[in-house]
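Enquirer: I would like the atomic coordinates for the input below:
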Amino acid sequence: MPRNSLSRRRASQELDRVSEVLTAQHFTPGTVIIEQGTTGAHCYLLIAGEVEVILKRDGENQTLLTLSQGEIFGERSMLTMQPTTASVVARDECVTLAITRADFEAVLPLSLKQARPP
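Expert: Modelled structure (predicted):
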């Protein structure tokens, strides 16, 4: 079997494995998805809508940036188990795909092992 076909099949299998652990989540405008100072349990891929990254400092909320479709958030806290440095709030109707740390750790090592050249 050609190497390209084998690589494509492995990639497809890994994509199937990852898609099995992703959870679709819907958020209404104003919903706090991630609260500043909490330890992240999920990483999110924004499928639809926009979210605002908000820093609360000295009692004031400051919008740092707006994320839109295709962007990822929550990964740093999920991976490091450190408190989040900002909140993430749904700006409008949002749909995300979320993965937990446990599922991420279970799936990712398999992908990395198979991605290495023989």
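Enquirer: ok, Thr85 - contacts?
Expert: When contacts are counted by C-beta atoms under 8 Å, 6 or more residues apart in numbering, Thr85 touches Gln36, Leu55. Heads up, the C-betas are built off the backbone N, CA and C, glycines and all.
Enquirer: Hmm, I typed the wrong one, I wanted Gly49.
Expert: By C-beta under 8 Å, 6+ apart, the neighbours of Gly49 are Phe27, Ser68, Gln69, Ala90, Arg91, Asp92, Glu93, Cys94, Val95.
Enquirer: Over to Gln36?
Expert: Neighbour list for Gln36: Ile54, Leu55, Lys56, Pro83, Thr84, Thr85, Ala86, Ser87 [criterion: C-beta under 8 Å, 6+ apart].
Enquirer: Please name the bridge partners of the residue nearest to it when sequence neighbours are not counted.
Expert: Computed as C-beta to C-beta, 6 or more residues apart in numbering, the closest residue to Gln36 that is not its neighbour in sequence is Ser87, at 4.3 Å. Beta-bridge partners of Ser87, counted by DSSP bridges, are Ile54.
Enquirer: tell me the helices in the protein, going along the chain?
Expert: 3-21, 75-80, 101-115 (DSSP state H).
Enquirer: By mean pLDDT, which helix or strand of this structure comes out lowest?
Expert: helix 3-21 (a mean of 66; mean pLDDT, DSSP states H and E).
Enquirer: Quick check: Leu67 touching Ile54?
Expert: No - using C-beta atoms under 8 Å as the test, Leu67 is too far from Ile54 to be in contact (11.4 Å).
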